[in-house]
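[1] After the sequence you'll find the predicted model.
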Amino acid sequence: MPNQSVEQLEICQKYGSRFDLPPSHYKLGVSRNVQLDIYPIHGLRHPVDGDTSGWYIWSGEYSEEADFFLPLHIHHINEWNPLIEKYLALEPGWRFLIAHGHEDVWFDEKLLNI
C-alpha cells in the first residue's frame, strides 16, 4: 500500500470514518489561495456527484464569490498543498481544519443533505 494510502487509512481509523477514497481523476473544488502559505485550511465533503468527489477545500476566509472554487483533479492536489491529500479518504459528511501543528476532524451530518 503506498504511503499516502496508509496515512489516509490511519486518518479514517483515528476519527471513525469509513475509508472512501475517490478516484484520482475525480474533481474537487479548491480555492486558489490553497497554494499559498495561508492557514487554516478547511475541507468539507458532500456526497459524490458524477465525477465530482464532493470535496471543497479553501484556505483562510471563505468567500461567496462565484469563482472562489476552481475544479481540480484530485491527483493534482499535492502540487497545490501536500498537507491535504491524507484527508481525502474521509467519507461524505466529514470536515477537517488544519494548520501547522493543528488538526481538527469531525462529522457534520448537514453536509449530506444538499
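    Cool, got the structure. These numbers come from a predicted model, not from an experiment. Residues are numbered from 1 along each chain as shown.

[2] Below-threshold pLDDT in this protein: ranges please.
    Applying pLDDT under 70 to the chain flags the ranges 1-4.

[3] Helices of that one, start to end?
    3-15, 77-80 (DSSP state H).

[4] Quick one: closest of the ones you listed to residue 43.
    Closest to residue 43 of those is helix 77-80 (CB to CB; 10.3 Å). In this view, the C-beta of every residue, glycine as well, is placed from N, C-alpha and C.

[5] name the helices or strands packed onto that closest one?
    Where contact means 3 or more CB pairs under 8 Å, 6 or more residues apart in numbering; DSSP states H and E, helix 77-80 is packed against strand 27-31.

[6] if you set the cut-off to 10 Å instead, what comes out?
    strand 27-31, strand 52-59, strand 69-73 (3 or more CB pairs under 10 Å, 6 or more residues apart in numbering; DSSP states H and E).

[7] For residue 19, give its distance to residue 11.
    Distance, residue 19 to residue 11, by CB to CB, to the nearest Å: 9 Å.

[8] Just give me the neighbour total for residue 65.
    The number of residues packed near residue 65 is 8, by other CB atoms under 10 Å.

[9] picking up where we left off before, as JSON lines, the helices of the chain with mean neighbour count and distance to residue 103 would be great.
    Listed next are the helices of the chain as JSON lines, based on neighbours: other CB atoms under 10 Å; distance: least, CB to CB, whole Å:
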{"stretch": "helix 3-15", "mean neighbour count": "14", "distance to residue 103": "9"}
{"stretch": "helix 77-80", "mean neighbour count": "16", "distance to residue 103": "17"}
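
[10] No more questions from me, cheers.
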